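[1] Give me the fold of what follows.
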Amino acid sequence: MKGLERPTHFLSSVSVEPEIVEAHSASRHWAAPLRRAPSKNVPLFLFITGLTALAVAIHGYHPYAEDGGLYLAGIKKLLHPSLYSFGTGFATVDLRFSLFASIVATIVRISSLSLTQAIFLIHLGTIWMTLYASWLIADRCYWSREACYGATSLLATWLTMPIAGTSLLLMDPYVSARSVSTPCAMLAIAAALDVRRSLDERRSIPWKSVIPVTASLLVAFACHALMAAYALGCLLLLACNCFYDRTKRIVATLGVCLASIVVAFCLELQSSFRPPLYARAAHTREYWFLANWHWYELLGLVAPLLVLALMTKREQRRRVDNVSLLVSMCIAAGVTGILVAVLFAHLDSHSFAVARLQPLRIFQIIYVLMIVALGATLGEHVLKRHWLRWATMFVGLSSIMLFVQRDTFPASGHMEFPWSAPMNSWEEGFEWIQSNTPEDTVFAMDAHYSLMHGEDAQNFRAIAERSPLPDYEKDGGLASIAPDLTYEWVDGERAQLGLDAATDAQRIAMLHGSAAQWIVLSRDAVTQFYCPYTNSAMKVCRLPGN
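    Residues are numbered from 1 along each chain as shown. I've put the predicted structure just below:
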């Protein structure tokens, strides 16, 4: 891999007289990172584009899976208001907290693209922006070109890494509001480092850098206010670490951390009491509560902070630079998130107000920056310019991540392109329902249908474009963030619990009084109901009397 010679220090990479360097360091309390000229090798655009294509090929694309299906249902409701006349709240709950669905619906309306085409392009675009933002951050922290290549390449290969026990991935293999908030948060951090550099050189306020910070945060807030709030918290901690005086840095950082704890305390204290049934919905989100985490998930919180702390020690001889600033920011943010979760996110909480905010989601930013730092260190000190080492690393790590993704979605196509027919039999059945049943038909299926063999968490509501009775997994999550849906969710979940294994008589009794007219069962379920559609995994049956 061609590039500039790898220096061992920011200041050793340029021709500067030793006495000038010494005077600069002594007068400023830290050495401002000097910037290299733009790369004259492979254009950055082509590198990021190629890496984006490789990332998608490694991690796959499943637009209707998991939360991707939840967001698509809301977008479809905006595009076709007549959909989901039953259980409308479960299709539109995300519209209460985000403009993401409205933005995507607007893009579809004003373009000649179908929804599936628009979503796929957004998926490619957000991955591209995430990798580009990682390059910008590495470019502001490391001098060598190998470090920037390493940071961006490692993030591309680990893009779907789980974040401890938070039930989040760095980036999802589908489009959600987080797909937009993640690159926006990273771009804001990169721009904030430019602001810091300009101020460090005693210039006036660098509005050209302030504007990108503000714009990135505004877009992030519009799409995912919660993740944007955590990004803002990280930026405040970054600003605290920019004080020249060590005492001021410590006091400012402790002040932000203490303020976060006080806000969490007031929120928990002032929140209204939730009905007992809401606790049932909240407890379905086991990852909200550290008490439910396994030891290896807890290790996923501690390990990144330890890795970052070791990096801080490595940078001590450089006084303070951008790497140390980001590392200090991440450690402070991680410790604060853990403290808030330990103090207020309890299983026996009276309101679950703090648990609903999922304070440990701040670790998404920490994980991204940790991977950028690890990749940069790997590229600069291990891989260097040896193409065989780069190929070995990329192939080895990519193979592991590819295996994990195929194991996660074993019955679905690895790349579910907009123009390709579904390989998943459950998806095929859901598409048959879309084409062969009236729009206002209400369906019932087992409360845990998304966990059935071969279903791969494909979302019925988004694919079939029909209203189902609420399920346990995904609709339980919607009820947990929108408590007004609790009673409707409990009624639907109880009516469908064990539905697939029940007898026909039991199914009729369980669904008596519900709005269900049709029922979806697994292929192995025993029934005498009329089932006009059957495939290798499931069947669609009409309930008697409908």
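
[2] what about the helices in the stretch 201-350 of the chain?
    Remark: helices assigned in the stretch 201-350 of the chain by DSSP state H, counting those that start in this stretch are 207-223, 225-240, 246-270, 276-283, 295-314, 322-344.

[3] pull the CA atoms of the shortest one into PDB?
    It stands for helix 276-283. Only the C-alpha atoms of helix 276-283 are listed here, as PDB (Å, rounded to 0.1, in the frame of the first residue of the first chain):
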ATOM      1  CA  PRO A 276     -48.600  -2.700  36.800                       C
ATOM      2  CA  LEU A 277     -49.200  -4.200  33.400                       C
ATOM      3  CA  TYR A 278     -46.600  -1.800  32.000                       C
ATOM      4  CA  ALA A 279     -43.900  -3.500  34.000                       C
ATOM      5  CA  ARG A 280     -44.700  -6.600  32.000                       C
ATOM      6  CA  ALA A 281     -43.900  -4.800  28.800                       C
ATOM      7  CA  ALA A 282     -40.800  -3.200  30.300                       C
ATOM      8  CA  HIS A 283     -39.500  -6.600  31.500                       C
END
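
[4] show me where this protein has strands.
    442-445, 467-468, 518-522, 530-534, 538-542 (DSSP state E).

[5] G337: which of those is closest?
    strand 467-468 (35.0 Å; CB to CB). Every residue, glycine included, has its C-beta placed from N, CA and C.

[6] Starting from that closest one, tell me which strands it pairs with and how they run.
    strand 442-445 (parallel) (DSSP bridges).

[7] Quick check: which of the helices of the stretch 201-350 of the chain is nearest to S450?
    Of all the helices of the stretch 201-350 of the chain, helix 276-283 comes closest under CB to CB, at 16.4 Å.

[8] hmm, who's touching that closest one?
    Contacts to helix 276-283, defined as CB atoms under 8 Å, 6 or more residues apart in numbering, come from residues 274, 288, 347, 349, 352, 355-356, 476, 479-480, 483, 486-487, 489-490.

[9] and with 10 Å instead?
    274-275, 288-289, 292, 347-352, 355-356, 472, 475-487, 489-491, 493-494 (CB atoms under 10 Å, 6 or more residues apart in numbering).

[10] List the buried residues in stretch 412-423.
    Residues of stretch 412-423 classed as buried: 412-414, 416, 422 (neighbour count, 16 or more other CB atoms under 10 Å).

[11] Could you do stretch 227-244 as well?
    Neighbour counts over stretch 227-244 (16+ other CB under 10 Å) mark 227-243 as buried.

[12] do stretch 301-310 as well
    For stretch 301-310, by 16+ other CB under 10 Å, it's 301, 304-305, 308.

[13] now these in JSON lines, with distance to Y71 and pLDDT?
    JSON lines is the format used below for these (distance: CB to CB, whole Å; pLDDT from 0 to 100):
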{"residue": "L301", "distance to Y71": "27", "pLDDT": "95"}
{"residue": "P304", "distance to Y71": "28", "pLDDT": "93"}
{"residue": "L305", "distance to Y71": "31", "pLDDT": "92"}
{"residue": "L308", "distance to Y71": "32", "pLDDT": "85"}
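
[14] For M329, state which of these is nearest.
    Closest to M329, out of all of these and judged by CB to CB, is L308, at 9.5 Å.

[15] Who's the closest spatial neighbour of the closest one, skipping the chain neighbours?
    Using CB to CB, 6 or more residues apart in numbering and skipping the chain neighbours, the partner closest in space to L308 is V327 (4.7 Å).

[16] how near is the one you found to G413?
    As judged by CB to CB, to the nearest Å, V327 and G413 stand 40 Å apart.

[17] Quick one: residues contacting I75.
    Counting by CB under 10 Å, 6+ apart, I75 has contacts 91, 94-95, 100-105, 107-108, 115, 118-119, 175, 462.

[18] excluding its backbone neighbours, what's nearest it?
    A101 (4.7 Å).

[19] cool, and S209?
    D194 is the one closest to S209 (CB to CB, 6+ apart), at 3.9 Å.

[20] Just give me the neighbour total for the spatially closest residue to S216 that is not a sequence neighbour.
    Leaving aside its sequence neighbours, S216 sits nearest to A188 (CB to CB, 6+ apart; 3.9 Å). A188 has 26 neighbours, counted by other CB atoms under 10 Å.

[21] what about A188, distance to L277?
    A188 is 39 Å from L277, by CB to CB.

[22] Same check on A345?
    Separation of A345 from L277 (CB to CB): 20 Å.

[23] still on that earlier bit, let's see the pLDDT reported for the residue nearest to L308.
    pLDDT recorded at V327 is 91.

[24] Surely it touches A373?
    Yes. Taking contacts as CB atoms under 10 Å, V327 lies within contact range of A373: 7.3 Å.

[25] what residues do these two have in common as contacts?
    In contact with both V327 and A373: 141, 307-308, 311, using CB under 10 Å, 6+ apart.

[26] Let me have those residues in JSON lines, extended by distance to T160.
    As requested, the shared contacts of V327 and A373 are arranged in JSON lines below (distance: CB to CB, whole Å):
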{"residue": "C141", "distance to T160": "24"}
{"residue": "V307", "distance to T160": "20"}
{"residue": "L308", "distance to T160": "21"}
{"residue": "M311", "distance to T160": "24"}
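
[27] Show me which of the contacts of helix 276-283 are buried.
    274, 288-289, 349, 351-352, 355-356, 472, 475-483, 485-486, 489-490, 493.

[28] gap between stretch 167-181 and the chain center?
    3 Å (CA atoms, centre = their mean, to the nearest Å).

[29] Now do the end-to-end distance for it.
    17 Å (CA to CA, to the nearest Å).

[30] Could you do stretch 284-299 as well?
    23 Å.

[31] Return the distance of it from the chain's centre.
    On CA atoms, centre = their mean, the centre of stretch 284-299 falls 18 Å from that of its chain.

[32] Would you mark the buried spots in that stretch?
    284-285, 287-290, 293, 297.
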